[in-house]
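J.: The sequence isn't on hand, but the structure is:
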């Protein structure tokens, strides 16, 4: 949100995103490191597919941040132009166990 903020407005692409908890990443890496070689790419994503702007809006709201989040088809993500599928896995991928809602309920800032 910070890098996309101009004043009190956060402009983000509406691309889909599947955030994954770092603990789920570590568990998958450990499983892969101890297992047989996969001889390929392993994609990992969280269980929830959300719009990028929606995810940030929910996070800011949960933390009592009043910035306005706007879906902007021309907004860039660290300089990259995204299409709807740029940030989600293709085909067969591993899915982490922790939902965005569970993470959010434990991650809000303490005021």
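T.: Happy to help now that I have it. All values derive from a computational prediction rather than experimental measurement.
J.: quick one: the strands in the chain?
T.: 5-6, 9-12, 16-17, 44-45, 50-51, 68-71, 94-95 (DSSP state E).
J.: Against which helices or strands is the helix ranked longest in the chain packed?
T.: For the chain, the helix reaching the highest residue count under DSSP state H is reported as helix 22-34. Contacts defined by 3 or more Cβ pairs under 8 Å, 6 or more residues apart in numbering; DSSP states H and E place helix 22-34 against strand 44-45. Backbone N, C-alpha and C define where each C-beta goes, glycine included.
J.: tell me the contacts of the most centrally placed residue in the chain?
T.: Nearest to the mean C-alpha position of the chain, counting by Cα atoms, centre = their mean, stands residue 19 at 3.2 Å. Taking Cβ atoms under 8 Å, 6 or more residues apart in numbering, we find residue 19 in contact with 46, 48, 50, 55, 100, 103.
J.: try 7 Å
T.: Applying Cβ atoms under 7 Å, 6 or more residues apart in numbering, we find residue 19 in contact with 46, 55, 100.
J.: Model confidence at it, what's the number?
T.: Looking at residue 19, its pLDDT stands at 95.
J.: Equivalent analysis for residue 5, please.
T.: pLDDT, read off for residue 5, is 92.
J.: cool, and the one 5 residues further on?
T.: Each residue has a pLDDT score; the one for residue 10 is 96.
J.: Also residue 105?
T.: 88.
J.: Give me the neighbour count for it.
T.: When neighbours are defined as other Cβ atoms under 10 Å, residue 105 has 10 of them.
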